[in-house]
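Student: turn this into a model:
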Amino acid sequence: MKADHTITIKPSEIYFGIYRSQFRWQVHQLIAWGHSSARHRIQSNNEEEPNITGYITEAIKARLITNRPLWCQYYSVREDSPIEASDRSGRSRPRPDIIIETYLGGRPEYIFEAKRLRINGFEASKYIDSDGMGCFISGRYAPRYDEAAMLGYIQSDSLTHWKDQVKKTINENAEQLCLESPQYDKTVIDVFPLEWVSEHKRVNLGRSITIYHILLDCCA
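Tutor: Below is the predicted model:
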């Protein structure tokens, strides 16, 4: 019988139970640094989502190389990168907006999906739909992890306004979004004081997911 030398890079399913708090804090910090460094590149309140994501990702990559604390050596970041999916292959594989990975045991990933928020065209309904939060709740993104994050790129009004609008829209669609419990505020790092959390059942996976919501000022 021929020996099976197949090598898998599938991340460990038990990762989050071991490093959850530290990993969460560090990926939040990388997003904060990326947004702060990329902010000046946003020249229009109609900047396309992939452009903003690209600016943030490029800034994180630069921070991982220079002017970094020691823990950054264990991290990498990529954007619009295909991920493993049992029912898709090649170009049809799911492509989350930002994936931050650490080289610690299990090579865990933290997955971010981003959506623009702006009056007249990019309302909260798009943030929660099947291409937004729905990607996580359906299990299309982050199926082996018990948490992930949404990034709201704010292009009009205030962050507080959009926090209220998104939370209200989630509550109004609680059944569709399989909301398990009331949403609650959660400050992981001080730079994101308006962050909050929603928890959702994933019926097809038999496991729930916790979604962290981070709003980023992307007004020109």
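Student: show me which residues of the longest helix seen in the chain are buried.
Tutor: Counting residues, the longest helix in the chain under DSSP state H turns out to be helix 16-38. By neighbour count with 16 or more other C-beta atoms under 10 Å, helix 16-38 contains the buried residues 16, 23-24, 26-35, 37-38. C-betas here are computed from N, CA, C, even on glycine.
Student: with stretch 148-157 instead?
Tutor: So for stretch 148-157, counting by 16+ other C-beta under 10 Å, buried means 148-156.
Student: how close does V191 get to H200?
Tutor: 25 Å (C-beta to C-beta, to the nearest Å).
Student: ok, now S81?
Tutor: Taking C-beta to C-beta as the measure, S81 falls 24 Å from H200.
Student: before we move on, what about S76?
Tutor: Distance from S76 to H200, by C-beta to C-beta: 28 Å.
Student: from the contact counts, what lies against the lowest-mean-pLDDT helix or strand in the chain?
Tutor: Ranked by mean pLDDT, DSSP states H and E, the weakest helix or strand in the chain is helix 16-38, scoring a mean of 88. On a contact count with 3 or more C-beta pairs under 8 Å, 6 or more residues apart in numbering; DSSP states H and E, helix 16-38 meets helix 49-65, strand 75-79, strand 98-102, strand 109-117, strand 147-154, strand 209-217.
Student: need these in JSON lines (columns: distance to F136).
Tutor: What follows is these, written out as JSON lines (distance: least, C-beta to C-beta, whole Å):
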{"stretch": "helix 49-65", "distance to F136": "17"}
{"stretch": "strand 75-79", "distance to F136": "17"}
{"stretch": "strand 98-102", "distance to F136": "13"}
{"stretch": "strand 109-117", "distance to F136": "7"}
{"stretch": "strand 147-154", "distance to F136": "5"}
{"stretch": "strand 209-217", "distance to F136": "5"}
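Student: just put these in TSV and tack on mean pLDDT.
Tutor: Output for the helices and strands packed on helix 16-38, formatted as TSV (pLDDT from 0 to 100):
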stretch	mean pLDDT
helix 49-65	96
strand 75-79	95
strand 98-102	94
strand 109-117	96
strand 147-154	97
strand 209-217	97
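Student: quick one: which of S76 and H200 has more around it?
Tutor: H200 (21 against 16; other C-beta atoms under 10 Å).
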